[in-house]
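[1] Let's see this in three dimensions:
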Amino acid sequence: MSTDTPGASLRAALARQNQGAHLLAAACPSRAVLSHLTSRWAVLVLVLLLSGTRRFSELRREVGGVSEKMLAQTLEALAGDGFVLRQAYLVIPPKVEYSLTPLGREAAERLAVLVDWIEDNYPRIEQARADLEAAPAALNAA
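    Numbers count the residues shown, from 1 in each chain. Reported below is the predicted structural model:
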């Protein structure tokens, strides 16, 4: 496409815009991936799997507060999106292990930065919450 043709740049830009995922678009299927990847349990599972393969029971113990049902649904969604590899062994008792795929490792490394930031800055977040709660009381007292 020649740049001398009127509207060529606009058409090229529109063509580029229609490729791939567009999370801001209401009907974009990538929103499901965003939902899976950023759920509370998925973030914790992915960050845990950064340090190595885990069995379901290990993940259940290490992720405080997650139910078996939610952990199973989270792992299924992450595996379905290609972030987690589920390896089942035909032994008695049954053995299933979960590990990160290369794509999952990329995502988990980025999420780990966010998790670290939250942990490092939690006192500031807690203070901001306290300040917000105190603000209406201060206005009412005035």
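[2] What's the local residue count around Ala107?
    Other residues within reach of Ala107, judged by other Cβ atoms under 10 Å, total 22. All C-beta atoms are positioned from the backbone trio N, CA, C, and that covers glycine.
[3] Buried residues, the longest helix seen in the chain. List them.
    If you go by DSSP state H, the chain has its longest helix at helix 102-141. By neighbour count with 16 or more other Cβ atoms under 10 Å, helix 102-141 contains the buried residues Gly104, Ala107, Ala108, Leu111, Ala112.
[4] Sort out which one of those residues lies nearest Ala134 for me.
    Lowest distance from Ala134 to those (Cβ to Cβ) belongs to Leu111, with 32.2 Å.
[5] that older thread, now find how far off-centre the longest helix of the chain is within its chain.
    Centroid separation for helix 102-141 versus its chain: 16 Å, with Cα atoms, centre = their mean, to the nearest Å.
[6] for that helix, what is the average pLDDT?
    The average of the pLDDT scores along helix 102-141 is 91.
[7] where exactly do the strands run in the chain?
    54-55, 84-89, 95-100 (DSSP state E).
[8] Output those in a markdown table, with mean neighbour count and distance to Ala128 appended to each entry.
    Shown next, in a markdown table, are those (neighbours: other Cβ atoms under 10 Å; distance: least, Cβ to Cβ, whole Å):
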| stretch | mean neighbour count | distance to Ala128 |
| --- | --- | --- |
| strand 54-55 | 15 | 34 |
| strand 84-89 | 14 | 34 |
| strand 95-100 | 16 | 33 |
